[in-house]
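1. Let's see this in three dimensions:
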Amino acid sequence: MTAKTTWVIDPSHSEIAFKVKHLMISNVKGSFGEFSGQLVTDGDDFSTAEIGFQINPASISTGSADRDGHLKSPDFFDVDNFKEITFTSGRLALKGGDDYTLTGDLAIKGVSQTVKLDVEFGGLMTDPWGNVKAGFTINGKISRTDFGLTWNAALEAGGVLVGDEIRLNLDVQLLQQKA
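-> Numbers count the residues shown, from 1 in each chain. Now for the predicted structure:
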């Protein structure tokens with residue numbers, strides 16, 4: 001039997017970012033500054049990963065204090081009542097080479113949906129201090145209205161102010177915990 005290995009997200013070397021259409025003609029980008037996560041694998045076999053990930057929605061940043069305030073309000077994340085966005089998974093399926101499909105349950109604002117994300121494994125490396133690190137790039141799309149984030153405004157010329165599709169882009173570096 002292979003020993004279990006625990007990995008934690010290194011927040012100083014990771015980024016949780018997203019973008020969404022604004023006015024149907026351009027993208028607004030943002031990120032979350034506070035997050036944590038843990039993976040448990042059989043040895044270094046990431047296809048066996050059990051994953052738990054948490055984001056503090058109050059840590060959202062889009063470069064506009066007014067927009068960030070609106071996103072924290074009940075119209076969107078309602079951060080006073082919903083303190084966490086969570087993702088849990090027990091399925092990281094190898095597609096081939098360094099590419100995986102990650103399937104799991106994403107919960108936002110009290111609504112949980114199963115999502116599939118594309119994962120690229122960047123490799124394993126030992127840093128100058130003897131710490132084993134693993135790197136991943138994770139991309140995907142979700143529908144914000146599926147999670148109860150339904151606020152919008154119709155545009156006079158047609159269309160809506162905020163698009164429904166959210167594109168996720170995560171660059172994650174994991175730190176192997178010493179036994």
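2. list the contacts for residue 83?
-> Counting by C-beta atoms under 8 Å, 6 or more residues apart in numbering, residue 83 touches 56, 57, 58. C-beta coordinates here come from the backbone N, C-alpha and C atoms, glycine included.
3. Let me know the helix or strand that it is in.
-> Using DSSP states H and E, residue 83 falls within no helix or strand.
4. before we move on, what about residue 71?
-> Assigning secondary structure by DSSP H and E places residue 71 in helix 65-72.
5. Who are the packing partners of that helix?
-> Helix 65-72 is packed against strand 60-61, with contacts defined by 3 or more C-beta pairs under 8 Å, 6 or more residues apart in numbering; DSSP states H and E.
6. quick one: contacts of the strand it packs on?
-> Outside strand 60-61, the residues touching it (C-beta under 8 Å, 6+ apart) are 30, 31, 32, 33, 68, 71, 72, 77.
7. which among those end up buried?
-> Among these, those scoring as buried are 30, 31, 32, 68, 71, 72, 77 (criterion: 16 or more other C-beta atoms under 10 Å).
8. from the contacts of strand 60-61, which single one is nearest residue 9?
-> Comparing the contacts of strand 60-61 against residue 9 with C-beta to C-beta picks out residue 32 as the nearest, at 12.0 Å.
9. so that closest one touches residue 58, yeah?
-> No: checked against C-beta atoms under 8 Å, the pair residue 32 and residue 58 is beyond contact range at 9.1 Å.
10. just wondering, since we're on the spatially closest residue to residue 121 that is not a sequence neighbour, how far is it from residue 41?
-> Distance criterion C-beta to C-beta, 6 or more residues apart in numbering; nearest residue to residue 121, sequence neighbours excluded, is residue 98 at 4.3 Å. Remark: distance between residue 98 and residue 41 (C-beta to C-beta, to the nearest Å) = 16 Å.
11. In contact with residue 62, which residues?
-> Residue 62 sits next to 28, 29, 30, 68, 71 when contact means C-beta under 8 Å, 6+ apart.
12. Secondary structure element for residue 112, which one?
-> Residue 112 belongs to strand 111-126 when assigned by DSSP H and E.
13. okay, that strand in CSV with CA atoms only?
-> C-alpha atoms of strand 111-126 as CSV (Å, rounded to 0.1, in the frame of the first residue of the first chain):
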residue,chain,number,x,y,z
VAL,A,111,-25.7,26.5,-4.0
SER,A,112,-23.6,23.4,-5.0
GLN,A,113,-23.1,22.3,-8.6
THR,A,114,-20.8,19.7,-10.1
VAL,A,115,-18.2,21.3,-12.4
LYS,A,116,-15.5,20.0,-14.7
LEU,A,117,-12.2,21.8,-15.0
ASP,A,118,-9.2,21.3,-17.3
VAL,A,119,-5.9,20.8,-15.4
GLU,A,120,-2.4,20.9,-16.7
PHE,A,121,0.3,19.5,-14.4
GLY,A,122,3.4,21.6,-14.5
GLY,A,123,5.6,19.2,-12.7
LEU,A,124,7.4,18.5,-9.4
MET,A,125,10.4,20.5,-8.2
THR,A,126,12.4,20.7,-5.0
